[in-house]
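Visitor: just the structure for this:
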Amino acid sequence: MRERNKIFYGWWIVVGSVLVTATIVPSVMALTNMFLIPVTRDMGINRGTFSIGNAILQAIGIFLAPLMTKKLAAGNLKRIQMISIAYLGATMIPISIMITNWFDKKRGLAMSLGLSGVGIGGFILSPLITNWLENYGWRKTYLIFAVIMLAVSLPVSIFIFRKSPEDKGLKAYGANEVPKSEIGRNDFDLAISTKETFTKPFFIILVLGMIFNGLINTGALGQFPPALEELHGSKIGAAIISLYSVVGIIGKLILGWVNDKLGIIKGILFGCITFGLAFFMMLFASNVLIAYLMAISFGLGNAMGAVMPPLLTSSIYGPKKYGDVYGYISSATQLGLTFGSILVASIFDITGSYKPAWIVMILLTIGVIVLWITSIKASYKYRKL
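Guide: Numbers count the residues shown, from 1 in each chain. The predicted model follows:
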């Protein structure tokens, strides 16, 4: 339990998560394709080829995520994370495990806050990277970015992160306080084993929804920057990226609030509708005002990629089986993340336009809504209260 007049230590876990996600995650997601145009021009390669490098990183996660999750859940999380200091072992999986362990109550808010560093990092680093690319070139900019990641993330991993409240002689926030009637309750379990769920329709549908979610996320985060730069130049493009990054902080908080207060289905609808509207507005983003409006809509919806997978997994499986299954859910997400940016870039290379790709992304976003809500409803009959 919390000591009187002291900040619950779980909130320091959240602060550390913000710092880590602000530095490491943008290097793989939101900002990586700011390097696309200078690198492809300098090296004489096409955009699909450039995207393969990031796809390899995501593809590794497909195979390693289940193993990594089991190791982090059962082993020494701090040691693994310190050695990893890389996207898979240092960010989403360990952070989602820690926050799930530390928070029974306000889990959605804590998860949203912890992952809001993605938006903060994008907002701060986007104009800096634009400046560095113009003044130092893409090679030195990569080096600067790497030093920042290491200098911030390693101390957090060593001095702040703790795997569970028991490591500090505490209990999870809200332990024994969550009313049984509360929406999004956390105190249930499934009546079947994790292995048995892998053959059930709700799991297969959930996995397919995660693949679609990964596709639309890297399709947007990977290709919005070059698309906006071509339409409006590098400085306005960077300003729009900064806008959707900072709005993304608010979007994550809203999504966490909706999940905690109104339930997971309302959270899915909020995230997917705002996400889908962003793709729709990209069809008309040659108008700079629409491009800025797109940034607001996308900022509100892009929490779907980071926040929703752990919250959705927890809402279907409960905290007892979360660690057993999240690695597989993460693998499905990584599969989508691997090919999303490549898919959009390849459509551009073939057609010479991003518009056909945005239409495909809209259809996939609708698919996420249908698949995830169907999965949730299909899982109810296996729930043990």
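Visitor: contacts and neighbour counts: CA atoms only from here.
Guide: OK.
Visitor: please, where are all the strands along the chain?
Guide: 189-190, 383-384 (DSSP state E).
Visitor: in CSV, list those along with mean pLDDT, distance to residue 34 and mean neighbour count.
Guide: Below are the strands of the chain laid out as CSV (pLDDT from 0 to 100; distance: least, Cα to Cα, whole Å; neighbours: other Cα atoms under 10 Å):
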stretch, mean pLDDT, distance to residue 34, mean neighbour count
strand 189-190, 79, 44, 18
strand 383-384, 78, 45, 13
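Visitor: next, the buried residues of stretch 282-289.
Guide: Buried residues in stretch 282-289, counted by 16 or more other Cα atoms under 10 Å: 282-283, 285, 288.
Visitor: ok, stretch 70-83 next?
Guide: Quick answer for stretch 70-83 (16+ other Cα under 10 Å): 72-73, 77-78, 80-82.
Visitor: how about residues contacting that stretch?
Guide: 89-90, 94, 97, 154, 157-158, 161-163, 323-324, 327 (Cα atoms under 8 Å, 6 or more residues apart in numbering).
Visitor: pLDDT (mean, whole number) over that stretch?
Guide: What stretch 70-83 shows for mean pLDDT is 75.
Visitor: in ChimeraX, how would I select just the buried ones from the contacts of stretch 70-83?
Guide: Selection of buried members from the contacts of stretch 70-83 for ChimeraX, criterion 16+ other Cα under 10 Å:
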select :89,90,94,97,154,157,161,162,163,323,324,327
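Visitor: so which of the contacts of stretch 70-83 sit within helices?
Guide: With DSSP state H as the criterion, helices contain 89-90, 94, 97, 154, 157-158, 323-324, 327 from among the contacts of stretch 70-83.
Visitor: specify which member of these is nearest to residue 238.
Guide: Of all the ones in helices among the contacts of stretch 70-83, residue 238 sits closest to residue 90, with 26.7 Å by Cα to Cα.
Visitor: returning to what we had before: which of the ones in helices among the contacts of stretch 70-83 lies closest to residue 382?
Guide: So of the ones in helices among the contacts of stretch 70-83, ranked by how close each gets to residue 382 (Cα to Cα), first place is residue 324, at 16.5 Å.
Visitor: list the contacts of that closest one.
Guide: 69-70, 194.
Visitor: so where do the helices sit in the stretch 51-200 of the chain?
Guide: Chain-ordered helices for the stretch 51-200 of the chain, with DSSP state H, counting those that start in this stretch as the definition, fall at 77-84, 87-90, 92-102, 107-115, 117-159, 194-197.
Visitor: deepest of those helices, which one?
Guide: Stretch with highest mean neighbour count among those: helix 107-115 (a mean of 27; mean count of other Cα atoms under 10 Å).
Visitor: give the closest residue to residue 380 in space, chain neighbours not counted.
Guide: Excluding its sequence neighbours, the residue lying closest to residue 380 (Cα to Cα, 6 or more residues apart in numbering) is residue 316, at 8.0 Å.
Visitor: from residue 16, how far off is the one you found?
Guide: According to Cα to Cα, to the nearest Å, residue 316 and residue 16 sit 27 Å apart.
Visitor: count of neighbours near residue 350?
Guide: 9 (other Cα atoms under 10 Å).
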